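Trainee: Provided below for reference: sequence and predicted model.
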Amino acid sequence: MTAVTATAPARPAGSAAPLPSDLAPVEALIARELLPRVLDIDLKAEYPQAFLQQLGALGGFGGVVAPEHGGHGAGLWHTLQVMEAVSRHCLSTGFLVWCQTACARYIQLSDNDAAKARWLPAIARGERLAGTGLSNTMKSADGIEPFRLKARRVEGGFEIDGVLPWVSNLGEDHVFVTGCPAEGGSDLVFFVVDCQAEGVRVVECAQFTALDGTRTLACHFKRHFVPDADVLAPPAESAAYLRRIKPGMILAQMGMGLGLVAGCAALMHEANRTLAHVNRFLDDQVGDIEAPLAAARAQTQALAEALQADPMRPAPLETVLEVLRLRAAGGELSLRAANAAMLHQGAKGYLRRNAAQRRLREAYFVAIVTPAIKHLRKEIARLEGVRAETPAVPAALAA
């Protein structure tokens, strides 16, 4: 298929997002629209809304959305490649790409055709920006913290109360997906939230030392009504739905890690133009970072293609474990690469406008965003215990 350029004409409403034959249009958009704004995104908390919308128009979000719902269906690996290309320069924006595509994938993998028809075309094209509000859901489901929201069944849907302290890629006209326990049982309900709807309020929260341009807001719910048309998984189906979305949600974060590590390797190369004679005494050389980066990228592609082969079916236990181990290794490699880049840059890495100190701050985000390294290790230990106790583990336990 012919590559779609950044100056492609607008498509009629409802048409599918284009599928670039390569990432050249995305790279051109990054160079033209994102690179000049990276410092303002980091230092002034500028939200790159125009870039996200243009990226969506190029098909950058369409990989996880089927053509019949406005995407191009190129798959999870395409989405990871886009995310890596963006994160190589700006992790804040790479994270926003993850938020947008994670939300799209949650809706795509539901059994709710009405929700797909209502939300996916605009999200896939970047016309409606979207967050993912599953941090508390994931941590609570894994026994790390209490649920912040509760749902009560009412006629025609569910009523939601509570507060989510941090949800990213939000605004008054944005949407996101979250999940919480339904009253009267332990099962969860997953649903789409329209931030413009009655009973939802988004408010500013704490300032961050990095990724402050990600429009991370607190979400207050007071008797917010979610119609059945926006319920992605009712309580009876929520366990199977969570098993379906969880491995891909975690694996997709590797796009951020791969991009950040590649960006750190570039900083090391840059420093070595004048400091190679002294940088050679540092523990980590460029090859020590680029070799595991290449291996991680290859493994990420293989796992993405494996998950994409049958996305509606829960992944086997061994695949889930492989995803968790890779994601934990991605966080660890991000920290190692950013530390190496800072040391290679030396004193100038401390400069406010130098990328090295920014990449170091961003690397900690890769290590602590849900699921954090400690969360991943906890789940790996649990699942390895399950496997040891039951050699033939049903797929239902792989979550």
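Mentor: Looks like it came in fine.

Trainee: Next, the contact list for the nearest residue to Leu120 once chain neighbours are set aside, please.
Mentor: Excluding the flanking residues, the one nearest Leu120 by CB to CB, 6 or more residues apart in numbering is His69, at 3.9 Å. C-beta: built from backbone N, CA, C; applies to glycine. Residues in contact with His69 (CB atoms under 8 Å, 6 or more residues apart in numbering) are Gln108, Lys116, Ala117, Leu120, Pro121, Ala124.

Trainee: and His69, how far is that from Ala229?
Mentor: Using CB to CB, to the nearest Å, His69 is found at 15 Å from Ala229.

Trainee: ok, and the most crowded of the contacts of His69?
Mentor: Ala124 (32 neighbours; other CB atoms under 10 Å).

Trainee: you'd agree that one is up against Gly71?
Mentor: Yes. If you go by CB atoms under 8 Å, Ala124 and Gly71 touch, sitting 4.2 Å apart.

Trainee: list residues touching both of those two?
Mentor: Ala17, Phe61, Gly62, Val65, Ala104.

Trainee: now the stretch 51-200 of the chain, which segments are flagged as low pLDDT?
Mentor: For the stretch 51-200 of the chain, no stretch is flagged by pLDDT under 70.

Trainee: which residues in it form helices?
Mentor: 76-87, 91-108, 113-124, 135-141 (DSSP state H, counting those that start in this stretch).

Trainee: now the angle from the second one to helix 113-124?
Mentor: By that I understand helix 91-108. 160 degrees (axes from the mean of the first three to the mean of the last three CA atoms, to 10 degrees).

Trainee: Give me the most central residue, the protein.
Mentor: When CA atoms, centre = their mean is applied to the chain, the residue found nearest the centroid is Trp98 (2.8 Å).

Trainee: still on that earlier bit, what about the residue nearest to Leu120, distance to Arg118?
Mentor: With CB to CB as the criterion, His69 and Arg118 are 10 Å apart.

Trainee: and if you look at Ala271?
Mentor: Ala271 is 50 Å from Arg118, by CB to CB.

Trainee: Name the residue in those two with the higher neighbour count.
Mentor: Ala271 (24 against 17).

Trainee: Domain-wise, how is the chain divided?
Mentor: 24-129, 135-235, 239-397 (automatic domain parsing).

Trainee: which of these is buried the deepest?
Mentor: domain 24-129 (a mean of 22; mean count of other CB atoms under 10 Å).

Trainee: Can you give me the end-to-end span of that one?
Mentor: 23 Å (CA to CA, to the nearest Å).

Trainee: Please state the offset of it from the chain centre?
Mentor: 10 Å (CA atoms, centre = their mean, to the nearest Å).

Trainee: Check stretch 173-183 too.
Mentor: That offset, for stretch 173-183, works out to 16 Å (CA atoms, centre = their mean).

Trainee: Now do the same for Ala206: its pLDDT.
Mentor: Per-residue confidence (pLDDT) for Ala206: 79.

Trainee: Now do the phi/psi pair for it.
Mentor: Main-chain dihedrals, Ala206, degrees, to the nearest 10: phi -60, psi 150.
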